[in-house]
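Q: Here is my input; please provide its structure:
(one chain, ligands or ions: 1)
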Amino acid sequence: MDLSTTYMGIPIKNPIIAGSSGLTGSVEKVKTLESCGAGAVVLKSIFQEEIMYEYADFMKTAKEQHGAPQYFDYDGRKNPIEYYDYVIREKNLQKYITLIEECKKTVSIPVMASINCFFHSADWLSFATHLESAGADALELNMFFPPTDFKHTREAKEALYFEIVDKITQAVSIPVALKISPYFTDLGPMIQRLSNTDIKGLVLFNRFFSPDFDIHTMEVKPSFVFSTPSDLAMSLRWIAVMAEKVACDLAASTGVHDGTAVIKQLLAGADAVQVVSSLYKNGPEYLKEMLGDLEKWMAKKKFRRLSNFKGKMSQDKSTDPAIYERAQFMRYFGGKKNVTL
Ligand SMILES: Cc1cc2nc3c(=O)[nH]c(=O)nc-3n(C[C@H](O)[C@H](O)[C@H](O)COP(=O)(O)O)c2cc1C
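A: This next block holds a predicted model:
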């Protein structure tokens, strides 16, 4: 059975990628993921947001630890605050560069770096070029400008995606993937427009931290950090709908918890799948079971390679494409074969 494929032009031995998370935050963990069968890894993101928080902490003791602020002179002006900002940024960046370099020395599967920035677009570019120089095989841009931002218009926020993508794809020569949320006004056309840029892959979709309420203490607490198998539905629908309408590769993310979910996403048209929550819950060893289930299913269906069935159930190949667009639970479905209400 041949599980090998390519994702963004990069050969991978199988389509299961360990997605960006704490599970890919150290060389040891990446090594374990490789030994358990991961086709590739996306390293934990370098978070610009985290750097900003660290900056606040750092400033509390900056003077004692680092002496009087030195002036950081980059444009003829002297600004001590920016000097500290620069120190933290460089420290975090250096840690991340070392992670990439060590992973590249230790594993033979592709190592993709991930950048999470939520504003300050200038940093994206500098991070991207540094991570490419460190040896990353590809970059994943974890891009999200919250729809809770009431200050900027939809047009301005959407334009930012294209602006950053254009700058980064021009600055680096490794493949760039964009990991997006489903929170766009006009999701299908937006995915298609993004795919027509110079990115090589789109990851559908990221899953985010959500607040929950504790009704006893009346405090806000994090809701479930991990996805559940039922969360697959959203990305499955959109991979199937977009598979034949995009000009780049598609990786499915969110709710891929077992071999069956991997098969479904490949049938929908995904070029690769990313797995996170399931590996947190079941451990990296579970990758072997997922790959085994994929192989068993392929053997049963007499598919020798992924291309024999990839996209076979995409919307464009379907004899009933409307079912992929159905939104309401109508009585109509009661009469449909294999649909139980
Ligand atoms: C604990 C945890 C940490 C994560 N860290 C990152 C991260 O650093 N960068 C990123 O792009 N996504 C991150 N994610 C999101 C995952 O990569 C993934 O998109 C999401 O969990 C949905 O996939 P899943 O259903 O397989 O968990 C994280 C998810 C979890 C649960």
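Q: Counting residues, name the longest helix you see in the chain.
A: Identified as the longest helix of the chain according to DSSP state H is helix 80-106.
Q: Can you give me the neighbour number for Glu155?
A: 9 (other C-beta atoms under 10 Å). No exception for glycine: its C-beta is placed from N, CA and C like everyone else's.
Q: now swap in the one 10 residues further on and tell me
A: The number of residues packed near Val165 is 19, by other C-beta under 10 Å.
Q: Quick check: the nearest residue to it once chain neighbours are set aside vs the ligand, distance?
A: By the measure of C-beta to C-beta, 6 or more residues apart in numbering, the closest residue to Val165 outside its immediate chain neighbours is Thr197, 4.9 Å from it. Distance from Thr197 to the ligand, counting by C-beta to the nearest ligand atom, to the nearest Å: 19 Å.
Q: Could you measure from Thr197 over to Leu3?
A: Noted for Thr197: a distance of 30 Å to Leu3, by C-beta to C-beta, to the nearest Å.
Q: Next: Phe144.
A: From Phe144 over to Leu3 the distance is 31 Å, taken as C-beta to C-beta.
Q: got it, and Leu250?
A: From Leu250 across to Leu3, the span is 18 Å (C-beta to C-beta).
Q: residues touching the residue lying closest to Leu187 once chain neighbours are set aside, list them.
A: Nearest-residue entry for Leu187: Trp238, 7.2 Å, with adjacent residues in sequence omitted and distances by C-beta to C-beta, 6+ apart. Contact analysis of Trp238 by C-beta atoms under 8 Å, 6 or more residues apart in numbering lists Pro182, Leu187, Gly188, Ile191, Leu204, Phe205.
Q: export those residues to a markdown table and tack on pLDDT, distance to Pro11 and secondary structure?
A: Conversion of the contacts of Trp238 to a markdown table gives the following (pLDDT from 0 to 100; distance: C-beta to C-beta, whole Å; DSSP: H, G, I helix; E, B strand; the rest coil):
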| residue | pLDDT | distance to Pro11 | secondary structure |
| --- | --- | --- | --- |
| Pro182 | 95 | 29 | coil |
| Leu187 | 96 | 30 | helix |
| Gly188 | 97 | 30 | helix |
| Ile191 | 98 | 25 | helix |
| Leu204 | 98 | 22 | strand |
| Phe205 | 97 | 25 | coil |
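Q: Quick check: of these, which has the highest neighbour count?
A: Counting by other C-beta under 10 Å, top hit in these: Leu204 with 28 neighbours.
Q: Contact partners for that residue?
A: Applying C-beta under 8 Å, 6+ apart, we find Leu204 in contact with Ile180, Pro182, Ile191, Ser235, Trp238, Ile239, Met242, Leu250, Ala251, Ala252, Ser253.
Q: Check the secondary structure at Ser126 for me.
A: Secondary structure assignment for Ser126 (DSSP: H, G, I helix; E, B strand; the rest coil): helix.
Q: Can you give me the distance of it to Ile97?
A: According to C-beta to C-beta, Ser126 stands 12 Å off from Ile97.
Q: near the ligand, which residues of the stretch 101-250 of the chain?
A: Taking C-beta under 6 Å from any ligand atom, the part of the stretch 101-250 of the chain that reaches the ligand is made up of Ser114, Asn116, Asn142, Lys179, Asn206, Arg207, Val225, Phe226, Ser227, Asp231.
Q: Restricted to strands, list those residues.
A: Those of those mapping onto strands are Ser114, Asn116, Asn142, Lys179, per DSSP state E.
Q: Closest to Glu102 out of those?
A: Ser114 (16.1 Å; C-beta to C-beta).
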